[in-house]
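Enquirer: Whatever this is, show me its structure:
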Amino acid sequence: MSEVSIKAMGWAQSFPVRGGVRAGRRWALRHLDQLGWCAQAPDTVDDVLLAVSELITNAHVHARSDAQVVLIWDRTCLQVSVSDSSPDLPTRRHPDREHESGRGMAIVEAVSDTWEAHSKGNGKTISACFHPPGQPSPHDQSRSTSISVRRA
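Expert: From the prediction side, this is the model:
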């Protein structure tokens with residue numbers, strides 16, 4: 001039997017509705033800095049922080065719940081996962097200029113390499129993947145975006 005070794009590191013934190021978005025961005029920035037991404041890939045750091053902000057905001061506004069954020073770095077992908085207490089999966093909306101909301105998931109899709117959402121017994125989780133510095137940019141038009149939505 002062959003041995004498989006997986007090296008990954010991760011962090012988890014819960015952010016309350018009040019003040020959670022700002023705290024979540026600062027928390028994520030600290031971990032991205034620990035990974036060296038702030039110096040090596042500042043544009044990717046901006047993308048990750050924007051996704052963290054949008055996903056925490058969605059948890060607070062649409063689910064009216066705290067946001068549980070998990071960052072996992074496995075040297076292939078930085079996975080940003082945000083869970084909340086609503087089982088309602090995100091839907092693509094087409095906001096007009098008169099509405100301030102409705103753009104969050106379009107933003108997450110634009111800045112991440114891939115994203116997915118799935119419901120679970122006590123809510124849902126939305127995850128976005130960001131490839132490491134030196135990999136193709138999430139803004140490269142030739143990239144393929146994988147989007148999947150799973151229902152429990």
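
Enquirer: from here on, contacts and neighbour counts on C-alpha atoms
Expert: Noted.

Enquirer: so where do the strands sit in the protein?
Expert: Counting by DSSP state E, the chain has strands at residues 9-15, 67-73, 78-84, 114-120, 123-130, 147-150.

Enquirer: Let me know which of the ones you listed is tucked in deepest.
Expert: With neighbours taken as mean count of other Cα atoms under 10 Å, those reach their highest mean count in strand 78-84, at a mean of 25.

Enquirer: So which residues make contact with that strand?
Expert: With contacts defined as Cα atoms under 8 Å, 6 or more residues apart in numbering, strand 78-84 is touched by 48, 52, 55-56, 59, 63, 65-73, 123-132.

Enquirer: Low-confidence regions, this structure specifically.
Expert: Along the chain, segments meeting pLDDT under 70 span 1-6, 95-96, 99-102, 133, 135-152.

Enquirer: And the helices in it?
Expert: 20-34, 37-40, 42-61, 104-111 (DSSP state H).

Enquirer: For the shortest one, buried residues please.
Expert: Under the neighbour-count criterion of 16 or more other Cα atoms under 10 Å, helix 37-40 has W37, C38 buried.

Enquirer: Mind giving me the packing neighbours of that helix?
Expert: Applying 3 or more Cα pairs under 8 Å, 6 or more residues apart in numbering; DSSP states H and E, one finds that helix 37-40 contacts helix 42-61.

Enquirer: ok, now the longest one?
Expert: Counting contacts by 3+ Cα pairs under 8 Å, 6+ apart, helix 42-61 packs against helix 20-34, helix 37-40, strand 67-73, strand 78-84, helix 104-111, strand 123-130.

Enquirer: hmm, try it at 6 Å
Expert: Of the remaining helices and strands, those touching helix 42-61 by 3 or more Cα pairs under 6 Å, 6 or more residues apart in numbering; DSSP states H and E are helix 20-34, helix 104-111.
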